Structure formats: C-alpha cells, structure tokens
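[1] sequence first, then the predicted structure:
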Amino acid sequence: MFNNHSELEAALLNCKQCALAHDPHNGPTSYNGTPESMLAVVGEGPGRVEDEYGVPLVGPSGQLLDKALASVGITRDLIYTTNIVKCRPKGNRTPTIEEGQICANRWLDHELTLVRPKLIIALGSVALKYLDHANARITKDRGKWFATKYGIPALATYHPAYLLRLTGKELVKAKWEVFYDLKAVVDKLAELAPGLCLKSDPPPNLLELYEARRQKRMNA
C-alpha cells in the first residue's frame, strides 16, 4: 500500500477514518526516532503532551521511558518509537482493545512491515494484547518473549504511565522488573548484531527536536 515510510506518515497525519479521529485533539501522532533501527518500541496511545508535539512518548511517561532505556544503554534517537493508537482518546483515557485493533490494523501493521525491526518492546496491556493475543495479561506475561504476526520476536514490559502511579516498594519492584526486561532485549540484540550501538552522547532532547512540529500543530 505504501512504497516508503514518508508516504505512510503523510497519509497517517491526515487520517480521519475512526471515531477517535473526530474527538477534540490536534490530529494523529506519528513516530519518533529512526525507521532504520533494529529495535521498535510500541506504546499504547498519545497523552496531552504527545498530542501537542505529534509524536509518541515525550511527556512524563516518555521521560521516564528515556531514563529506563538509558540505564541499559539506549537513546530514543537510535530506535523507533510508535503507538498502537495514533489519536488521543477523549479525557486522556486508556485506549480500548477495539480501538487498538482498528487503528493498529490500519497503521501499525504497515509501519512495522516497512521498518522491519529485529525486536519489539511492547509497552503496557494495549500493546501486548494487540501484538500477542487478546487474553494476554501484562502482570502475567511481562518479561516473556512471544512471536508476533510479523515474524518479529517481542517482549512486553510495564508502560511507564503505570510506574508513575506507583509508590514505595511497589514502585521499586516494578522499576527493577522493567530494567531486567530491557536488559533482556539488549542482550538479545547483542546476539543478533554484536557491537551494535544504540546510544547517542549526549542524549537527544526530544521536546526540542519536535518543537517546530508542536508550533505547527498548535497554530493549525
């Protein structure tokens, strides 16, 4: 359907094909990072900050994700980050499984066909259920490798928004679980591509990188 990633993104940013596209927001969000990466991170859906900037995971959840990835030697400019759902659900709620199916069938499937990463990280329940199966549970299946329909291995871990709701010992435990999940991904990448570097120094400031897009969206 699309010859390249630029064609896909242009079509995506003009999408009006489901109910979410007609809720009040600044339009569909795209991706950040590079389509040339061996690693893709798939989140759930955009929040307020992501809706403003037009890219996934750049608000509080994204900043926590950056810290978690940095702990295993990854910066976001050298990987591919996208979402199951491209438009912000009204009231900033979590997307439903049905919304995830509709949007990801239309866009994510094409994205991952073009990007062809070697590994996928599924962040949270919505991503896990779409990439694995409807009965998957993040509390039960987190940290386990599974096969996706794209023929690309994936591993699920907690969405950073979940961590932001935790406190005390629960937060400490969950952060360590995320660290070991991400470490497992890095270890598998090292097997697939010895010497691969996924870390820029200094790390990028994603809000600065996409400020021009934010201005354009807010003034549209």
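    Great, that's in hand. Residues are numbered from 1 along each chain as shown.

[2] helices of the chain, residue ranges please.
    With DSSP state H as the criterion, the chain has helices at 5-12, 48-53, 60-70, 97-103, 109-115, 124-131, 138-141, 160-164, 168-192, 206-209, 211-218.

[3] which residues does the fifth one contact?
    Counting contacts by CB atoms under 8 Å, 6 or more residues apart in numbering, the residues outside helix 109-115 that touch it are 1-2, 4-5, 8, 31, 35, 37, 40, 80, 82, 120, 150, 152. For glycine as for every other residue, the C-beta is placed from the backbone atoms N, C-alpha and C.

[4] tell me which helix or strand of the chain sits lowest on mean pLDDT?
    Using mean pLDDT, DSSP states H and E, helix 97-103 stands out as the lowest-scoring helix or strand of the chain, at a mean of 91.

[5] what about the nearest residue to residue 20 once chain neighbours are set aside, distance to residue 157?
    Nearest residue to residue 20 in three dimensions, chain neighbours excluded: residue 87, at 4.2 Å (CB to CB, 6 or more residues apart in numbering). To residue 157, residue 87 is 24 Å away according to CB to CB, to the nearest Å.

[6] likewise for residue 175?
    11 Å.

[7] if you count neighbours, what's buried in stretch 69-82?
    69, 72, 74-82 (16 or more other CB atoms under 10 Å).

[8] equivalent analysis for stretch 105-115, please.
    In stretch 105-115, counting by 16+ other CB under 10 Å, buried: 106-108, 110-112, 114-115.

[9] likewise for stretch 140-154?
    141-142, 146, 150, 152-154.

[10] could you dump those residues to CSV with distance to residue 219?
    Listed next are the buried residues of stretch 140-154 as CSV, based on distance: CB to CB, whole Å:
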residue, distance to residue 219
141, 43
142, 41
146, 42
150, 37
152, 38
153, 42
154, 38
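
[11] can I get those in JSON lines including distance to residue 20 and pLDDT?
    Below are these laid out as JSON lines (distance: CB to CB, whole Å; pLDDT from 0 to 100):
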{"residue": "141", "distance to residue 20": "26", "pLDDT": "97"}
{"residue": "142", "distance to residue 20": "26", "pLDDT": "97"}
{"residue": "146", "distance to residue 20": "27", "pLDDT": "98"}
{"residue": "150", "distance to residue 20": "23", "pLDDT": "96"}
{"residue": "152", "distance to residue 20": "26", "pLDDT": "97"}
{"residue": "153", "distance to residue 20": "29", "pLDDT": "98"}
{"residue": "154", "distance to residue 20": "24", "pLDDT": "98"}
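
[12] what is the nearest of those residues to residue 21?
    residue 150 (24.6 Å; CB to CB).

[13] what sits against that closest one?
    Here residue 150 is in contact with 109, 112-113 (CB under 8 Å, 6+ apart).

[14] how near is it to residue 112?
    As judged by CB to CB, residue 150 and residue 112 stand 5 Å apart.

[15] repeat for residue 188
    In terms of CB to CB, residue 188 sits 17 Å off from residue 112.

[16] do the same with residue 97
    Residue 97 is 19 Å from residue 112, by CB to CB.

[17] verify the contact between residue 69 and residue 78 for me.
    No: the criterion here is CB atoms under 8 Å, and residue 69 misses it with residue 78 at 9.9 Å.

[18] out of the helices of the chain, which is closest to residue 18?
    Closest to residue 18 of those is helix 97-103 (CB to CB; 5.3 Å).

[19] nearest to residue 166, of the buried residues of stretch 69-82?
    Closest to residue 166, out of all of the buried residues of stretch 69-82 and judged by CB to CB, is residue 69, at 18.7 Å.
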